[in-house]
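>>> no FASTA, just this:
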């Protein structure tokens, strides 16, 4: 269901950011076009060049142009997106979106999109189970943002726990379902308008 769809992928500063390259590959296998926005922290785990090569599109990370002026790329990216997928999503970006904060390219674009938003969190178990993070996740769900819950397994800090990024195939399945539902709703709306005008 992702064939011909424009997926905007947000990558944040989690150790799981390295999986973004594989995620892009799977999305492209589904015939989706993928554009990437990275946070500065994400670039410490995987380089923008890697994601540019895999996605075949320039990676966006900065809000300010070299001239010091504010660009409007976040608006153009927001307009073209059929789905905004943030994977991995840190507690930081979850908190920003839950509070309506827009202080970088990723959070600003997230507030500008009108397409479905899907978030796949990845973090240490103590962070994922923290009441503040749980509260922010619930606020996002209430706002209509979809969450792919993290899984249980080995953690980067040692031991096992809840907080591992969901399996990539599971994330893509959720993405496909969201796009399918959005297309169906849009088609039903068009049909209703045609019926009323006819």
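Perfect, thanks for sending it. Note that the structure is a prediction, hence the values are computed from the model and not measured.

>>> quick one: contacts for residue 96?
For residue 96, the contact set (Cβ atoms under 8 Å, 6 or more residues apart in numbering) comprises 102, 103, 107. Placement of C-beta: from N, CA and C, glycine included.

>>> okay, now the last one: neighbour count?
Using other Cβ atoms under 10 Å, the number of residues around residue 107 comes to 25.

>>> a markdown table please, covering the contacts of residue 96 and showing pLDDT.
Output for the contacts of residue 96, formatted as a markdown table (pLDDT from 0 to 100):
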| residue | pLDDT |
| --- | --- |
| 102 | 93 |
| 103 | 92 |
| 107 | 95 |
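
>>> any idea which of these is closest to residue 90?
residue 107 (11.5 Å; Cβ to Cβ).

>>> give the contact list for the closest one.
Taking Cβ under 8 Å, 6+ apart, one finds 93, 96, 97, 101 in contact with residue 107.

>>> could you check the pLDDT of the closest residue to residue 105 other than its chain neighbours?
In space, and not counting its chain neighbours, residue 105 is closest to residue 63: 4.8 Å by Cβ to Cβ, 6 or more residues apart in numbering. pLDDT for residue 63: 75.

>>> ok, residue 63 to residue 56 distance?
23 Å (Cβ to Cβ, to the nearest Å).

>>> in helices only, show me the contacts of residue 96.
Judged by DSSP state H, the contacts of residue 96 include residue 107 as members of helices.

>>> now flag whichever of the contacts of residue 96 is closest to residue 26.
Nearest to residue 26, judged by Cβ to Cβ, of the contacts of residue 96 is residue 107 at 25.0 Å.

>>> look up phi and psi at the residue positioned nearest the centre of the chain.
What sits nearest the mean C-alpha location of the chain, by Cα atoms, centre = their mean, is residue 86, with 1.8 Å. Note on residue 86: backbone dihedrals following degrees, to the nearest 10 are phi -110, psi 110.

>>> what's the answer for residue 39, then?
Main-chain torsions, residue 39, degrees, to the nearest 10: phi -80, psi 160.

>>> chain neighbours aside, what residue packs nearest to it?
Distances taken as Cβ to Cβ, 6+ apart put residue 12 closest to residue 39, at 5.0 Å, once the chain neighbours are dropped.

>>> what sits against the one you found?
38, 39, 41, 42, 86, 88, 89, 90, 92, 93, 106.

>>> can we see that at 6 Å?
Residues counted as contacts of residue 12 (Cβ atoms under 6 Å, 6 or more residues apart in numbering) are 39, 42, 89, 90, 93.

>>> dump those to a markdown table, plus secondary structure, distance to residue 5 and pLDDT.
Converted to a markdown table, those look like this (DSSP: H, G, I helix; E, B strand; the rest coil; distance: Cβ to Cβ, whole Å; pLDDT from 0 to 100):
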| residue | secondary structure | distance to residue 5 | pLDDT |
| --- | --- | --- | --- |
| 39 | coil | 24 | 96 |
| 42 | helix | 23 | 97 |
| 89 | strand | 20 | 98 |
| 90 | coil | 25 | 98 |
| 93 | helix | 22 | 98 |
